[in-house]
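Peer 1: Dropping the sequence and predicted coords here.
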There are 2 protein chains.
Amino acid sequence: MDKCTQARMEAQAVIFKALAHPSRLFIVNELARRERCVCELTELIGADKSTVSKHLSLLKQAGIILDEKRGNMVFYALQTPCVLDFVTCVEKMIETRIKQMAALRK
Amino acid sequence: MDKCTQARMEAQAVIFKALAHPSRLFIVNELARRERCVCELTELIGADKSTVSKHLSLLKQAGIILDEKRGNMVFYALQTPCVLDFVTCVEKMIETRIKQMAALRK
DNA sequence: TGGCTATTTGGCATTATAGCCAACCATCTG
DNA sequence: CAGATGGTTGGCTATAATGCCAAATAGCCA
């Protein structure tokens, strides 16, 4: 693999890594509905707020979400709504796999 | 987050985790062109064959690729070509981000 | 200013991932 | 069957990711 390809693959991997966690996928799903502050997401996820904050920071760094401070709260929203397309695609993949597995058991 | 949602997020995360590695993304890209045996992929990636074999095994478990043994070689191919859709999408996201960063520097 | 709330950061322990080597298994060929 | 080739698996070490707590920061309001 040449250096250029390597760099491209690494850049892509950053996005996938950012999405490769249940809580972060949940955040993306929630933000798809509407923006949310950290406290709401923390409540929904049920983890420590520092943990949620770090998840958000990671998603932000990957360019998937953006933040906006209003008062003493920080609101997060989707930056690139096209991520939803592949969340949808992944859902389909999972369904297909479940069906395949069911078919194999017969 | 309720149990059902948690389970769905975890299932999705499996797919993203599988793609969250430069070599595995490279493999997906290569297999998008045509099927490949392990030896070819090993050659292209330039890692130990055991390493490549493990990457392939992970992608297979995630349902992204499938394998077929022919003679003493094993050929891998994409199982769910729709992954390409989001690889394309990710490419776009990266370009957008690069442009944004460039704009910010002005 | 002082206290309160919302969020981020640092630090640390736990766990998961990556990648190499060596050993093993399967298949082909002489 | 022996040897060669292609792949997988086990084991190990190094590195990265996760998640909690505690401490720090920022903005509100009295």
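Peer 2: Received the coordinates, thanks.
Peer 1: what secondary structure does A:Ala77 sit in?
Peer 2: strand (DSSP: H, G, I helix; E, B strand; the rest coil).
Peer 1: pLDDT score for the closest residue to it other than its chain neighbours?
Peer 2: Take A:Ala77 and drop its neighbours on the chain: the residue closest to it by C-beta to C-beta, 6 or more residues apart in numbering or on different chains is A:Glu35, 4.0 Å away. For glycine as for every other residue, the C-beta is placed from the backbone atoms N, C-alpha and C. Looking at A:Glu35, its pLDDT is 97.
Peer 1: residues contacting A:Glu35?
Peer 2: A:Glu35 sits next to A:Glu68, A:Phe75, A:Tyr76, A:Ala77 when contact means C-beta atoms under 8 Å, 6 or more residues apart in numbering or on different chains.
Peer 1: neighbours around the last one, how many?
Peer 2: A count of neighbours around A:Ala77, defined by other C-beta atoms under 10 Å in any protein chain shown, yields 14.
Peer 1: any idea how far DNA strand C is from it?
Peer 2: Distance of A:Ala77 to DNA strand C, given as C-beta to the nearest atom of the strand, to the nearest Å: 12 Å.
Peer 1: So that residue is in contact with A:Glu68, correct?
Peer 2: Yes: using C-beta atoms under 8 Å, A:Ala77 is in contact with A:Glu68, at 7.3 Å.
Peer 1: can you tell me how far A:Pro81 sits from A:Val28?
Peer 2: Look at A:Pro81 and A:Val28: by C-beta to C-beta, to the nearest Å, they are 10 Å apart.
Peer 1: wait, A:Cys39
Peer 2: Look at A:Cys39 and A:Val28: by C-beta to C-beta, they are 18 Å apart.
Peer 1: For these two, work out which one has more neighbours and name it.
Peer 2: A:Val28 (22 against 12).
Peer 1: Going by neighbour count, which residues in the longest helix seen in chain A are buried?
Peer 2: Counting by DSSP state H, the longest helix found in chain A is helix A:83-105. By 16 or more other C-beta atoms under 10 Å in any protein chain shown, the buried positions in helix A:83-105 come out as A:Val83, A:Phe86, A:Val87, A:Cys89, A:Val90, A:Met93, A:Ile94, A:Arg97.
Peer 1: show me where pLDDT drops low in chain A?
Peer 2: The model of chain A has pLDDT under 70 over residues A:104-106.
Peer 1: 90 instead?
Peer 2: For chain A, the stretches with pLDDT under 90 are A:1, A:3, A:80-106.
Peer 1: Could you give the number of residues near A:Ile15?
Peer 2: Each residue near A:Ile15 was counted by other C-beta under 10 Å, and the total is 28.
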